[in-house]
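Student: one predicted model, sequence on top.
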Amino acid sequence: MVEILIPVLAAALVFAAIVWSGVLVMRYRDSSAKRRSLAFVASYASSDPHAAIQKARNDESLMHKLALGLGNRIVSSSARRRIERQVIYCGRSEPGAADDVVIRKLMFLIGGLALGWLQAVALGGLWWLAPLVLGIFGYFVPDILLYNQGIKRDEEMGKGLPDALDMLNLCVESGLSFQAALSQVAINQDGPVADEFALTLQEMQYGRSRGQALEALAVRARQPDIQRFVSAMLQVDKMGVPVATVLREQAKEMRAKRYARAREMAQKVPVKILMPLMLCFLPALFVIILGPAVYGIVQVFSNT
């Protein structure tokens, strides 16, 4: 018993150490993200766009640099490009966001290998495959979490876009320019749509045209409604259609789609609760109804 308990306790301590290390890395990432964002903004005014960003990266700790170098060795170039696209879809456009994911993949890989090795030492047998299985699983856990974060953000953007377009349309019809209307939406609303509009407004203030800023918005957000809105606004610039008319039609269409999406989700509820109902409610109901009858039958046959 003691021989099994010691490796289990060691595995628990290693797991706690890995979790604590992850918390420290997350805190460091939150503090360094601000420096990177400031460097990213400063790079627009710099003659060398990459100089300020490179300076912010040089100020990072030695441990961060070593972890990033080792992480880049175990992550292929195609996987690195996929991570960079995914972090943009998740709303993290600051420089170095992909580096944080690479470091997290390295940490989870090492943690999975350590836990698997301790389990293999404690139990033996086929448990020697545990380091391989847990290491592979830990390597792909950050990708799964990042993909899930992107899906949730797409859903939030789909829910918040009709309200944002309503406010955008109201501001334009009140006499504000499209750029000033974007500013009002970014200030008075929360969520990923407001964040994307704020970033689009920021790019327009840096000198990019409205069409270029909207095209960059369509690249960052893979949400179909956002891309449809961007396509309609690009047609405004080409054909000279009034902006207020297009925004009014877009807001009306988005509200109809949100209503249809809510009806669809409501219709899926009976199917989703069918399995929990069969596994949790019906067995207890059968025990309550048939239990006394079965007990009575058993008593009758036992007396005979």
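Tutor: Received it, and whenever you're ready, just let me know what you need. All figures in this text were calculated on a predicted structure; none of them were measured in a lab. Numbers count the residues shown, from 1 in each chain.

Student: C-alpha only now, for contacts and for neighbours.
Tutor: OK.

Student: ranges for the strands of the chain?
Tutor: For the chain, applying DSSP state E gives no strands.

Student: quick check: domain ranges of it?
Tutor: Domain assignment for the chain by automatic domain parsing gives 2-153, 155-269.

Student: mind putting the ones you listed in TSV, mean neighbour count included?
Tutor: Output for those, formatted as TSV (neighbours: other Cα atoms under 10 Å):
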stretch	mean neighbour count
domain 2-153	16
domain 155-269	17
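
Student: scan the protein for its longest helix.
Tutor: Secondary structure assigned by DSSP state H gives helix 130-173 as the longest helix of the chain.

Student: hang on, the earlier thing: so can I have TSV of the domains of the chain showing mean pLDDT and distance to residue 275?
Tutor: Putting the domains of the chain into TSV (pLDDT from 0 to 100; distance: least, Cα to Cα, whole Å) gives the following:
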stretch	mean pLDDT	distance to residue 275
domain 2-153	71	24
domain 155-269	85	11
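
Student: mind putting those into CSV with distance to residue 284?
Tutor: Shown next, in CSV, are those (distance: least, Cα to Cα, whole Å):
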stretch, distance to residue 284
domain 2-153, 35
domain 155-269, 22
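
Student: need the contact list for residue 102.
Tutor: Listed by Cα atoms under 8 Å, 6 or more residues apart in numbering, the contact set of residue 102 reads 68, 71, 72, 75, 80.

Student: which ones are touching the first one?
Tutor: Taking Cα under 8 Å, 6+ apart as the criterion, residue 68 is in contact with 99, 102, 103.

Student: same question, residue 128
Tutor: Residues counted as contacts of residue 128 (Cα under 8 Å, 6+ apart) are 116, 117, 119, 120, 121.

Student: those into JSON lines, with extra columns for distance to residue 141?
Tutor: Formatted as JSON lines, those follow (distance: Cα to Cα, whole Å):
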{"residue": "116", "distance to residue 141": "15"}
{"residue": "117", "distance to residue 141": "19"}
{"residue": "119", "distance to residue 141": "20"}
{"residue": "120", "distance to residue 141": "21"}
{"residue": "121", "distance to residue 141": "24"}
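
Student: residue 223: which of those is nearest?
Tutor: Proximity of the contacts of residue 128 to residue 223 (Cα to Cα) peaks at residue 116, which lies at 39.0 Å.

Student: would you mind measuring from residue 252 to residue 246?
Tutor: According to Cα to Cα, to the nearest Å, residue 252 and residue 246 sit 10 Å apart.

Student: distance between the longest helix of the chain and the chain's centre?
Tutor: Centroid separation between helix 130-173 and its chain, computed with Cα atoms, centre = their mean, to the nearest Å, is 4 Å.

Student: verify the contact between residue 178 and residue 172 for me.
Tutor: Yes. With contacts defined as Cα atoms under 8 Å, residue 178 counts as touching residue 172 at a distance of 6.3 Å.
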